[in-house]
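**Student:** need a structure here:
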Amino acid sequence: MATNDFHSVTAILTQEFALEWPQTNERIRGAERFARMNDEYPAHGPWRFTINRLFGDASEAMSDVTVTDGVRTDRAISFFTVAHGKVTLIVEFWPERSVPATNRTLRPNRTSRSRAAARKLRLLNMTATKFTYGRRIGKDRKVSTMHNEQAAPETKGVAVKLLATVDLGPEIEGMAGRQLRMRMVTIEPGGVFGPIHDHKDRPGTVYILQGTITDHRNGVATDYGPGVGWPEDRNTTHWLENRGTIPAVEISVDIVRQE
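**Tutor:** Now for the predicted structure:
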């Protein structure tokens, strides 16, 4: 990583490798996608890494690393799962810097690092940063990408086939007028499942059989597939597209009101 040759890192990643950012519900699958995401992330200069803490064993590890490109400085807390000498999963957290609350009963002493971090945070909040490949880069990401998400294109290149339904009224008390629905959705290359829509009162789950589908929500673009897809709950507002070169096929199961 110190050389910024992110493709060399793929040698220690398994074929099933995944990177997860729980704070933004993002998942990047595959070693090559991980390398490409890091290569294409905008930076003011070479990335420099300072290890603050590192420990682990043959199956698990944890690191606390400060990352900077000379202008922006962030801190990453990463948890690694290891199998047969290679990393299979990284779960990573990027804590936001903040100023201590003014109403604390006990006022801790602030270090020079904290004061410097606060100054840098104010500077960063005034600087718009480009967002690429759904990587988390702070509050300015939402500002710079939300406009594009509001202008999401209409649905095109999508075929939906109803596979089965179950009337939930007779099965579960209080579910009268609801049904469990299973559909197969095919999105052609360049296709869009839009416009922006929510899943309030319509929770669901998705499994991708073929291809990759990009989920756009909250200013974040995340690639899924093949495998378990994105969450669809009451907090979901999103649209989907197929950026790949082959048709993407998903199985969608949700609970809907009967028409």
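**Student:** what segments of the stretch 151-259 of the chain are strands?
**Tutor:** 156-167, 178-198, 204-210, 213-217, 220-224, 227-228, 237-241, 248-257 (DSSP state E, counting those that start in this stretch).
**Student:** ditto for the stretch 1-150 of the chain
**Tutor:** Under the criterion DSSP E, counting those that start in this stretch, the stretch 1-150 of the chain carries strands at the ranges 13-21, 26-29, 48-56, 60-68, 73-83, 86-93.
**Student:** pull the contacting residues for Gly194.
**Tutor:** 152-155, 239-241 (Cβ atoms under 8 Å, 6 or more residues apart in numbering). (C-beta placed from N, C-alpha, C; glycine too.)
**Student:** please name the nearest non-neighbouring residue to it.
**Tutor:** In this structure, Gly194 finds its nearest non-sequential neighbour in Trp239, 4.1 Å apart by Cβ to Cβ, 6 or more residues apart in numbering.
**Student:** does the one you found touch His197 like I think?
**Tutor:** Yes. Under the criterion of Cβ atoms under 8 Å, Trp239 makes contact with His197 at 6.9 Å.
**Student:** which of the two has more residues huddled nearby?
**Tutor:** Counted by other Cβ atoms under 10 Å, Trp239 and His197 do not tie: Trp239 has more neighbours, with 19 against 15.
**Student:** for the more buried one, which residues make a bridge with it?
**Tutor:** Note on Trp239: beta-bridge partners by DSSP bridges are His216.
**Student:** relative to Asp39, which of the strands of the stretch 1-150 of the chain is closest?
**Tutor:** Proximity to Asp39, assessed across the strands of the stretch 1-150 of the chain by Cβ to Cβ, is greatest for strand 26-29 (12.8 Å).
**Student:** kindly provide the whole-number mean pLDDT of that closest one.
**Tutor:** Strand 26-29 shows a mean pLDDT of 89.
**Student:** partner strands of it, with direction?
**Tutor:** As defined by DSSP bridges, the strand partners of strand 26-29 come to strand 13-21 (antiparallel).
**Student:** just the pLDDT at the residue nearest to Gly194, thanks.
**Tutor:** Trp239 is assigned a pLDDT of 94 by the prediction.
**Student:** Ser98 now?
**Tutor:** In this prediction Ser98 is given a pLDDT of 72.
**Student:** touching, Asp167 and Gln179? I think so.
**Tutor:** Yes. Between Asp167 and Gln179 there is a contact under Cβ under 8 Å: 5.4 Å.
**Student:** which one of the two is surrounded by more residues?
**Tutor:** The neighbour comparison of Asp167 against Gln179 (other Cβ under 10 Å) goes to Gln179, with 18 against 13.
**Student:** that one and Ser98, how far apart?
**Tutor:** Taking Cβ to Cβ, to the nearest Å as the criterion, Gln179 is separated from Ser98 by 45 Å.
**Student:** repeat that for Met37.
**Tutor:** According to Cβ to Cβ, Met37 and Ser98 sit 26 Å apart.
**Student:** so where is the stretch 101-250 of the chain shaky, pLDDT-wise?
**Tutor:** Low-confidence segments of the stretch 101-250 of the chain, defined by pLDDT under 70: 101-152.
**Student:** repeat the analysis, applying 50 as the threshold.
**Tutor:** Within the stretch 101-250 of the chain, the stretches falling below the threshold (pLDDT under 50) are 112-150.
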